[in-house]
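*Asks:* Need coordinates for the below:
(2 chains)
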Amino acid sequence: MSQSSSTLKTADGSLQMADGSSLKANLERSLRRRKRNALLLVAPLFLFILITFLVPIFDMLIRSVDNKITAEILPTTIPLLANWDAKSGKLPDESVFKAFINDAQIANKAKIINRLGKRLNYEKSGTSSLFRKTGRKLKKLDPEKLTSTYKDALIKIDKKWANIAIWQLIQRESGRYTNSHFLSAVDTENSPDGIKWKDEDSQIYLNLFKRTLWLSFLITFLTVLLGYPIAYLLASLKTKTSNLLMILVLLPFWTSLLVRTSAWIALLQKEGVINDVLVTIGLISEDGRLAMIHNQTGTIIAMTHILLPFMILPLFSVMKTINPSYVRAARSMGATSFTAFRRVYFPNTVAGIGAGGILVFILSIGYYITPALVGGTQGTLISNFIAYHISESLNWGLAAALGTLLLLLVLALYILYDKVVGIDNMKLG
Amino acid sequence: MALPLHATTDERIWHYLFLAICTLIFLFLIIPILIVIPLSFNVQPYFTFTPEMLSFDPKGYSTRWYTAFFNDTNWQKAVKNSLIIAIFSTIISTFLGTLAALGLSQKDFPFKTTIMGILISPMVVPLIISAAGMFFFYARINLLGTHLGVILAHAALSTPFVVITVTATLTGFDHSLTRAASSLGSSPTNTFFKITVPLITPGVISGALFAFITSFDEVIVVLFVGSVHQRTIPWAMFSGIREEISPTILAVATLLICFSIILLFLVELLRRRNERLRGLSPN
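*Replies:* Prediction:
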C-alpha cells in the first residue's frame, strides 16, 4: 500500500507503479491478499465450530432417522423377509424362520440380540421381553438336532412368533432409515394400514410442544410487560442515574442461573419466604399455603425473572436512540402525553420489542434447568423430555427426533430474528 | 424524567404511579438475588427465615453452611473442575474468537452474514440440543467423561460471545490509525501489535469474561458430556437442589453472587475504558 504514492502515467493513460507494473493489477492483488488473509483468520474458528458443534448436531439429525440396527442383527433374514407379502395374511415361509434362527443365534453369542428387542419395543411393547425370552431359549437349541421345522421350533419358544404382526413390524423396520421416531414425536405411528394417531392416552408430545410454545409466549409477553417500563425509565433518566439503576438489571443478568433458580425455590416453596410473609400478615391461613412451585406457576415466575434482562437490554438500546424532541413536537402540537406516547414514541420502539421478544422466545422454548427444578410435572417443557429420553429411557432415536423438531422451530425464529434485527447487530450488555 | 411544571393532576398521578410500578419491577429483579444472602447464614437447615433471624438474634445466624462448603471435598473438587474447565475453554474461545472477529471485520468479507450466522449458532441453538448432539458425537470419538471433551464443548458454546464483543469493538475502530502507522513505515505485524491490539484489548477481555461466565455457569452440556470426574459447581448445585436441599447451596449461591458482582464491575470498567479509547464518551 505504501508504494502506491509513487505512480506514473503510461501512454495509454492507465496508472503504473514505480516498477512498471499496472496499478490496477497491483490493487487487485492487494485486495485479493487481504480477502485471503481475512478468510485465513476466520478459518480456525470455523473449523473448530464445525467439528465440535455442527458435526454433533448433524449426528443428532442422522440419529433421528437412523435404523441400521435391524439389518445389522438380522443380516440374512432381512433380504428373505423382503420378498414376503405382509398383506397375504400368512406367516413368512420356512426359509425366513431358518435365517432368523441363524441370525438370532449369532447375535445371541455376541450378546446384542436384546438391543433389537429394545429398539422394536418402542414400536410395539412386549417385543423386548419376547426377544429376551427367545434369546435365552435359543441358547439350548441346536439346529442340527432339530426334529421339527424351524417355524415350529420358534413358535414353540413363544406363541407370539405365530402372530403376523411381529413379522410385519420387522419387515417395516428393516430399512436403513426409519420415520418412526419422527412419527412418535408427533404422537403418530406406523400401522399395517398406514400412519395413524396413537392411542388417546399415549399422545403426549403434541401437547408438550403446545405447552412449550404457550408458556414461552406467555413468558415473552410478561417480559415485555415488565421490561418496557424499566427500559423506558432507564432511557429517559440522566446517564448517571440510569447507569446506577442499570446495575439492578445487570446483576441478575450476570448471576448464575442456578443461583437464581435456587433463590426462587427459597421464595416460592410451601415453607418459603413468600408463604411465610403471607401467613404472618394474615392473608392466608397456615393450611392455605399457596403451591407456587413444582407447577406451571413456578416455571413462569422463575423464567420471567431470569429472562427479563434479555428483554430490557435490547429495548433500552432502541429507546436510547429515540430523539426526545419527537415526543416534544407532538406535545407542542396539542397531543396529550398519552397520545404522544401511543402515536409517536411507541411505534419507534416496536423494533426493540421484536428484537427482545424473539430473543426471549428462542431462549425460553429451549429451557431445561429451571423447568426441571421448579416445574414439577405440569411445568416441564420439551427440553426436559429430550433429556429424559437421553439419560433415562435411553430412547435416543426419539430424543433426536424431538430435538430435530425443536431445532427447526428455533432455526425459523433465528431467521426471523435476522430479518428483524440482523445477526451482525447482536450486542451484549 | 423530572415532571414538567405545567403537568396536570392526571399526569402527576400517572407519573408517580409509573415510578411506583418501576420500583416494584426493580424489586422483583433484585430481591430474589439479595434474599439468598441472609438466608445462607441461617443456623437451621431451612430455606426460609426463622423467628430468631427476624428478631436479629445472633443465635439465629451462623456460618455453618460456609464451613460445610469449605470442608466438603466434593465441593472443593467442583470448584477446581469449574475453574479448570472455564479457564481452558476461555483461552481457546478467546483466541479463536478474536482471530475470527479480526477477519470478519474486513470490509469486503465474502458471505459475511452466513458465516457470522454459523459462528454465532452455538449461542442460539438451545443448550439441550447442543448437549444431545455432543453427547452422541463425543461418545463416538471417546471424548465422553473427559475434561478435554467438556472444555472443547464449552469453548464452542462461548466463542459467539467473544466474536460478538470483539466485532462490536472493531465496528467503531478507526482504520485511519493503522493506515497512519503504515504510512509512517510500520510493518503490518508491528502495526497490529502497537496499534490494533491495545485498542481492541478491552473488547477482547470483556469477551473473555463473557466466555468465562458462560462456561462457569453452564450445566446441561456438562451433565451430558461429562462424568462424575467433571462435576462442576453448577452441576453440584443442580443435583443438590434435586436430591437433598441443604442451605450449603445458598452459601455457594452467595459466594457466586459476590463473584458475579466482581465480574459485572470488571466488564463495566472495560466498557468505559473502551469508549474512552475510541473517543465515544466525553469523560
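
*Asks:* quick one: contacts for the spatially most central residue of chain B?
*Replies:* Chain B has B:Ile213 as the residue nearest its centroid, 3.2 Å off, counting by CA atoms, centre = their mean. When contacts are counted by CB atoms under 8 Å, 6 or more residues apart in numbering or on different chains, B:Ile213 touches A:254, B:260, B:263. To be clear about C-beta, it is placed using only N, CA and C from the backbone, and glycine gets the same treatment.

*Asks:* contacts for the worst-scoring helix or strand of chain B on mean pLDDT?
*Replies:* In chain B, no helix or strand scores lower on mean pLDDT, DSSP states H and E than helix B:51-54, which sits at a mean of 80. Contact partners of helix B:51-54, identified using CB under 8 Å, 6+ apart, comprise B:38, B:41-43, B:59-61.

*Asks:* Return the set of buried residues in that helix.
*Replies:* Buried residues in helix B:51-54, counting neighbours by 16 or more other CB atoms under 10 Å in any protein chain shown, are found at B:Met53.

*Asks:* Next SSE downstream of it?
*Replies:* Where DSSP states H and E defines the elements, the next helix or strand beyond helix B:51-54 is helix B:64-71.

*Asks:* what's the angle between the next helix or strand after that following helix and helix B:64-71?
*Replies:* For helix B:64-71, the following helix or strand on the C-terminal side (DSSP H and E) is helix B:73-104. Angle of helix B:73-104 versus helix B:64-71, following axes from the mean of the first three to the mean of the last three CA atoms, to 10 degrees, is 80 degrees.

*Asks:* And chain A, is helix B:73-104 touching that?
*Replies:* Yes - using CB under 8 Å from any CB of the partner chain, helix B:73-104 reaches chain A at B:92, B:96-97, B:99-100, B:102-104.

*Asks:* Can you read off the pLDDT for whichever residue of chain B sits closest to chain A?
*Replies:* Residue nearest to chain A within chain B: B:Pro126 (2.2 Å; CB to the nearest CB). B:Pro126 carries a pLDDT value of 91.

*Asks:* Please apply the same query to A:Leu74.
*Replies:* Value for A:Leu74, per-residue pLDDT: 90.

*Asks:* just A:Ser332 next, same as before
*Replies:* 90.

*Asks:* Same question for A:Leu47.
*Replies:* Value listed for A:Leu47 in the pLDDT field: 96.

*Asks:* burial of it, as a residue count?
*Replies:* Using other CB atoms under 10 Å in any protein chain shown, A:Leu47 has 11 neighbouring residues.

*Asks:* Repeat that for the one 4 residues further on.
*Replies:* The local packing of A:Ile51 (other CB under 10 Å) involves 14 other residues.

*Asks:* Which pLDDT does the model give it?
*Replies:* pLDDT, A:Ile51: 95.

*Asks:* I'd like the distance between it and A:Ile57.
*Replies:* From A:Ile51 across to A:Ile57, the span is 11 Å (CB to CB, to the nearest Å).

*Asks:* pLDDT averaged over the longest helix anywhere in chain A - what is it?
*Replies:* If you go by DSSP state H, chain A has its longest helix at helix A:205-236. Across helix A:205-236, pLDDT averages out at 94.

*Asks:* Could you check the pLDDT of B:Asn283?
*Replies:* Model confidence at B:Asn283, given as pLDDT, is 37.

*Asks:* swap that for A:Leu278, please
*Replies:* 90.

*Asks:* Restricted to helices, list the contacts of B:Ile213.
*Replies:* Per DSSP H, the contacts of B:Ile213 map to helices at A:254, B:260, B:263.

*Asks:* tell me the contacts of B:Ile245?
*Replies:* Applying CB under 8 Å, 6+ apart to B:Ile245 gives the contacts A:265, B:47.

*Asks:* gap between it and A:Ala43?
*Replies:* B:Ile245 is 48 Å from A:Ala43, by CB to CB.

*Asks:* One more: B:Thr171?
*Replies:* 22 Å.

*Asks:* ok, those two, which is more surrounded?
*Replies:* Shown here are B:Thr171 and A:Ala43; by other CB under 10 Å, A:Ala43 has more neighbours (14 against 11).

*Asks:* which of the residues in the helix or strand hosting A:Leu47 are buried?
*Replies:* Secondary structure from DSSP H and E places A:Leu47 in helix A:23-49. For helix A:23-49, burial by neighbour count (16+ other CB under 10 Å) applies to A:23, A:26, A:35, A:38-39, A:41-42, A:45-46, A:48-49.

*Asks:* before we move on, what about stretch A:381-391?
*Replies:* Result for stretch A:381-391 [16+ other CB under 10 Å]: buried residues A:381-390.

*Asks:* of those, closest to chain B?
*Replies:* Of these, the one sitting nearest to chain B (CB to the nearest CB) turns out to be A:Ser383, at 4.0 Å.

*Asks:* So which elements touch the one helix or strand that closest one maps to?
*Replies:* Applying DSSP H and E as the criterion places A:Ser383 in helix A:382-391. Counting contacts by 3 or more CB pairs under 8 Å, 6 or more residues apart in numbering or on different chains; DSSP states H and E, helix A:382-391 packs against helix A:205-236, helix A:369-374, helix A:396-420, helix B:127-140, helix B:220-225.

*Asks:* could you point out where the stretch 51-200 of chain B is predicted with low confidence?
*Replies:* By pLDDT under 70, the stretch 51-200 of chain B has no low-scoring segment.

*Asks:* residues making contact with the helix holding A:Ser383?
*Replies:* Contacts of helix A:382-391 (CB under 8 Å, 6+ apart): A:204-205, A:208-209, A:212, A:365-368, A:371-372, A:375, A:395-396, A:398-399, A:402-403, A:406, B:126, B:128-129, B:131-132, B:135, B:220, B:223-224.
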